[in-house]
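A.B. asks: Here is a sequence together with a model predicted from it:
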Amino acid sequence: MEVSICEAEIGHEKELLNLFKKVVTIPDGIIRKRHEITANYINGFYEKSLENGLVLFTKSKNSIVGEIHAYTPSIYAFQHILTDLTIAIYPEFQGKSIGKKLFQTFLEIVKTEFHHILRVELYTREHNKRNVAFYKSLGFINEGRQQHKIFNSKSKLETPLHMTWFNPNYLK
Ligand SMILES: CC(C)(COP(=O)(O)OP(=O)(O)OC[C@H]1O[C@@H](n2cnc3c(N)ncnc32)[C@H](O)[C@@H]1OP(=O)(O)O)[C@@H](O)C(=O)NCCC(=O)NCCS
């Protein structure tokens, strides 16, 4: 399948809204409910990531089929962190190594261009073994269980893992 990875530029909010509306229907994926996938949510992370972070798209025939983003919180103490990392691939494009290549490219750009970033952080559901294994294979380490931090879609308390990747090329 012919796909390409590119850095995002402004003006793709509607396509992202469509992507996240599709991806949120997959159980145990992103930590949001359907009604929380709003234009405000998309605009919020997109703006922060474009301004002070990194957003990449995977495109097929000029349409976005996957997206990854993370951003630096705007306070001095967290200037060395890219956090809230989220990756989403259209369901019909999943399981074809697209997510893996997109994530590897993201980390490669951090290594080569983001020398001020030491930590790349994400949350994942502990019981989603597939995602946990995926992140570990990319070099993320499990920094710990956050007991009952989230409610799952069945209104039960759930314990996510906080996982971090450390930039080997970080320069203080
Ligand atoms: C998680 C996600 C980003 C992975 O992207 P993808 O393109 O489907 O995954 P890839 O084909 O690149 O495979 C990556 C790894 O996932 C695992 N994987 C892929 N498809 C799988 C399947 N059907 N069953 C089990 N494991 C699978 C494999 O371990 C694979 O690594 P490997 O090839 O080294 O063995 C994508 O499935 C997705 O968008 N899921 C819904 C949203 C979500 O959960 N996002 C993450 C939380 S922010």
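C.D. replies: Done, it's in.

A.B. asks: and the gap between the most centrally placed residue in the chain and residue 146?
C.D. replies: With the centre of the chain defined as its mean C-alpha position, the nearest residue by CA atoms, centre = their mean is residue 86, 1.7 Å away. With distances defined as CB to CB, to the nearest Å, the gap from residue 86 to residue 146 amounts to 17 Å. C-beta: built from backbone N, CA, C; applies to glycine.

A.B. asks: What of residue 5?
C.D. replies: Per CB to CB, residue 5 is found 31 Å from residue 146.

A.B. asks: Between those two, point out the one with more neighbours.
C.D. replies: residue 5 (17 against 14; other CB atoms under 10 Å).

A.B. asks: returning to what we had before: and the residue nearest to the centre of the chain, what is it in contact with?
C.D. replies: Contacts were defined as CB atoms under 8 Å, 6 or more residues apart in numbering; by that measure residue 86 touches 30, 45, 68-70, 122.

A.B. asks: could you show me where the strands are in this structure, in order?
C.D. replies: Per DSSP state E, the chain carries strands over the ranges 4-7, 53-60, 63-71, 81-89, 119-125, 141-145, 150-151, 157-158, 160-166.

A.B. asks: Tabulate those strands (a markdown table), appending mean pLDDT and distance to residue 95.
C.D. replies: Conversion of the strands of the chain to a markdown table gives the following (pLDDT from 0 to 100; distance: least, CB to CB, whole Å):
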| stretch | mean pLDDT | distance to residue 95 |
| --- | --- | --- |
| strand 4-7 | 97 | 18 |
| strand 53-60 | 98 | 14 |
| strand 63-71 | 98 | 12 |
| strand 81-89 | 97 | 9 |
| strand 119-125 | 96 | 18 |
| strand 141-145 | 97 | 24 |
| strand 150-151 | 90 | 25 |
| strand 157-158 | 92 | 24 |
| strand 160-166 | 97 | 21 |
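
A.B. asks: and of those, who's closest to the ligand?
C.D. replies: With respect to the ligand, and counting by CB to the nearest ligand atom, the nearest of the strands of the chain is strand 81-89 at 3.8 Å.

A.B. asks: From the chain's centroid, how far away is that closest one?
C.D. replies: For strand 81-89, the distance between its averaged C-alpha position and the chain's averaged C-alpha position is 2 Å (CA atoms, centre = their mean, to the nearest Å).
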